[in-house]
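Peer 1: Could you look at this predicted model? Sequence included:
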Amino acid sequence: MVRLLRPFGRAVTYTRLLHLFVTVVWPAMLIFIREEWWIWLVAAVALVPAGLVPAMRTVEGLQARLLLTGQRHDSDSHDSDSAGIVVAPSATWADRWRLVLWLQARFVLGCASIALIAQLLFAVPDLVSGGGVVPPFGPALVWRIALVPVLLAVLAATVWGAGRLITALAVRLLGPSPAERLAALEERTEQLLERTRIARELHDSIGHALTVAVLQAGAARAADDPAFTRRALDAIEETGRAALEDLERVLGVLRESGTPAGSRPTLTDAGRLLESARASGAEVDADLAGPLEGVPGPVSREGYRILQESLTNVLRHAGPVPARVRVSVEGAVLRLDVRNPLPAAPPEPGRGSGLRGIRERAALLGGHASAGPVGDDWRVRVELPVR
């Protein structure tokens, strides 16, 4: 019983009724001027040109969101009904004709439901009084009083059912068109891709800096040499400063969507990575060949991150070991090759978010990446198209 009465404790049940009542107010006012049946037909026809006005969709959408779903027009609303009602102006003729259909359906349902509710409200006293003076107490009066709860139940069901029906129609007819759904899906996909890219940026940059710092601190403690310790602290400071710069770039993307991607490091800044790895004790034999400055920005930036993650994996899993780095531009292909001696317990291919991130970066650019043992070495090989 409590569950059945719960909807009538919500304000939205009555705002939906108000939404239907507003529909019939203006033709009802005309009835007071001239009581003719054709006034209702004129009112229905007048809604057709109104629905063809693009801005009318915004007006109807705002009304529906406020009165039918109880949600304000803001971006923080996650209500399923509210999210399915569009407040943008009609962009196509299909949107306009859907709005015309909505106005007609709202008008017909509003007239029918308000008329039925009015009849039920007048029927309650008429039932008790029999259309006149209340009869003396007796079986006839008892039966009439017993039917009052039935009429009230029908009245409540009409109020609730009409509100639910008009809300369902609003979601259907004022909802997004296929083109708008596709645009929303594309926007959502772009947001997810941006979040994934930011996560990779943080993983590569901060992970590299922490790996270098840990190795430098451990080496300085083991060496117990003041001069070596000073060099290690300098390397930690330089790596930390570079990581902070990368962090500021990533956070800048979060603060301002218009932050240019060109501010991110590219392969022309690869010397910084190599020096950082050498400062950690690794013997890096690097060969950078080809016109790296001519590599397109997206490819060069992702190539930098791939090289950074590869060197981070060398330091993290193998320590300060000799490493061979080859970066070359050959025709329409950018090749990155990083080798290092296998550690005592080599990681299995495909494990770890770093290697997965390298493969994902390469795949997004139309290239491919492989990582695994080759003889006595661990090898990361990446090929990216530059056109």
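Peer 2: Ah, there it is.
Peer 1: burial measure for residue 310, as a count.
Peer 2: Under the neighbour criterion other Cβ atoms under 10 Å, residue 310 is assigned a count of 29. In this view, the C-beta of every residue, glycine as well, is placed from N, C-alpha and C.
Peer 1: So which residues make contact with stretch 154-161?
Peer 2: Applying Cβ atoms under 8 Å, 6 or more residues apart in numbering, the external contacts of stretch 154-161 come out as 7, 8, 13, 14, 17, 113, 116, 117, 120, 121.
Peer 1: can you give me the strands in the stretch 201-350 of the chain?
Peer 2: In chain order, the stretch 201-350 of the chain shows strands spanning 284-289, 323-330, 333-341, with DSSP state E, counting those that start in this stretch as the criterion.
Peer 1: Spatially central residue in the chain, please.
Peer 2: Centrality entry for the chain: nearest residue to the mean C-alpha point is residue 188, 4.5 Å, by Cα atoms, centre = their mean.
Peer 1: elements contacting whichever strand or helix holds that residue?
Peer 2: For residue 188, the enclosing helix or strand under DSSP states H and E is helix 178-223. For helix 178-223, the helices and strands in contact under the criterion 3 or more Cβ pairs under 8 Å, 6 or more residues apart in numbering; DSSP states H and E are helix 226-255, helix 270-279, helix 297-313, helix 353-364.
Peer 1: one more time with 10 Å, if that's ok
Peer 2: In this structure, helix 178-223 makes packing contacts with helix 93-129, helix 226-255, helix 270-279, helix 297-313, helix 353-364, judged by 3 or more Cβ pairs under 10 Å, 6 or more residues apart in numbering; DSSP states H and E.
Peer 1: What strands line up against the next helix or strand after the last one, and which way round?
Peer 2: Once helix 353-364 ends, the next helix or strand along the chain (criterion: DSSP H and E) is strand 368-374. Here strand 368-374 has these sheet partners by DSSP bridges: strand 377-385 (antiparallel).
Peer 1: Could I get the CA-only coordinates of the partner strand as CSV?
Peer 2: Backbone C-alpha positions of strand 377-385 (Å, rounded to 0.1, in the frame of the first residue of the first chain) are rendered in CSV as follows:
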residue,chain,number,x,y,z
ASP,A,377,68.8,-9.5,-25.3
TRP,A,378,65.5,-8.0,-24.6
ARG,A,379,64.3,-6.0,-27.6
VAL,A,380,61.6,-3.4,-28.2
ARG,A,381,61.0,-2.7,-31.8
VAL,A,382,58.5,-0.2,-33.1
GLU,A,383,57.6,1.0,-36.6
LEU,A,384,55.4,4.1,-37.2
PRO,A,385,54.2,5.5,-40.5
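Peer 1: Pull out the buried positions in it.
Peer 2: Across strand 377-385, burial judged by 16 or more other Cβ atoms under 10 Å covers 377, 378, 379, 380, 381, 382, 383, 384.
Peer 1: tell me the average confidence for it?
Peer 2: The predicted model gives strand 377-385 an average pLDDT of 92.
Peer 1: between that strand and helix 353-364, how big is the angle?
Peer 2: Per axes from the mean of the first three to the mean of the last three Cα atoms, to 10 degrees, the angle that strand 377-385 makes with helix 353-364 is 30 degrees.
Peer 1: report the angle between the axes of strand 377-385 and strand 323-330?
Peer 2: If you take the same axes, to 10 degrees, strand 377-385 sits at 20 degrees to strand 323-330.
Peer 1: Just checking, which helix or strand of the chain averages the lowest pLDDT?
Peer 2: The helix or strand with the lowest mean pLDDT-type score in the chain, counting by mean pLDDT, DSSP states H and E, is helix 80-83 (a mean of 50).
Peer 1: Out of the strands of the stretch 201-350 of the chain, which one sits most buried?
Peer 2: Mean neighbour counts were taken over the strands of the stretch 201-350 of the chain using mean count of other Cβ atoms under 10 Å, and the top value, a mean of 20, falls to strand 333-341.
Peer 1: what packs against that strand?
Peer 2: strand 284-289, helix 297-313, strand 323-330, strand 368-374, strand 377-385.
Peer 1: if I look at the residue nearest to residue 223 when sequence neighbours are not counted, how far off is residue 214?
Peer 2: Using Cβ to Cβ, 6 or more residues apart in numbering and skipping the chain neighbours, the partner closest in space to residue 223 is residue 229 (7.1 Å). In this structure, residue 229 and residue 214 are separated by 15 Å, where distance is defined by Cβ to Cβ, to the nearest Å.
Peer 1: Kindly report the same for residue 56.
Peer 2: For residue 56, the distance to residue 214 equals 64 Å [Cβ to Cβ].
Peer 1: of those two, who's got more company?
Peer 2: Neighbour tally, residue 56 and residue 214, criterion other Cβ under 10 Å: the higher count belongs to residue 56, 20 against 14.
Peer 1: quick one, what contacts that one?
Peer 2: Applying Cβ atoms under 10 Å, 6 or more residues apart in numbering to residue 56 gives the contacts 47, 49, 50, 89, 90, 96, 99, 100, 102, 103.
Peer 1: Okay, the last one and residue 67: tell me how far apart.
Peer 2: Think residue 103. Counting by Cβ to Cβ, the gap from residue 103 to residue 67 is 15 Å.
Peer 1: what's the answer for the first one, then?
Peer 2: If you measure residue 47 against residue 67 using Cβ to Cβ, the figure is 18 Å.
Peer 1: So for these two, which residue has more residues nearby?
Peer 2: When neighbours are counted by other Cβ under 10 Å, residue 67 comes out ahead of the other of residue 47 and residue 67, with 21 against 18.
Peer 1: Isn't that one up against residue 61?
Peer 2: No: in terms of Cβ atoms under 10 Å, residue 67 does not count as a neighbour of residue 61; the distance is 11.3 Å.
Peer 1: Good, wrapping up.
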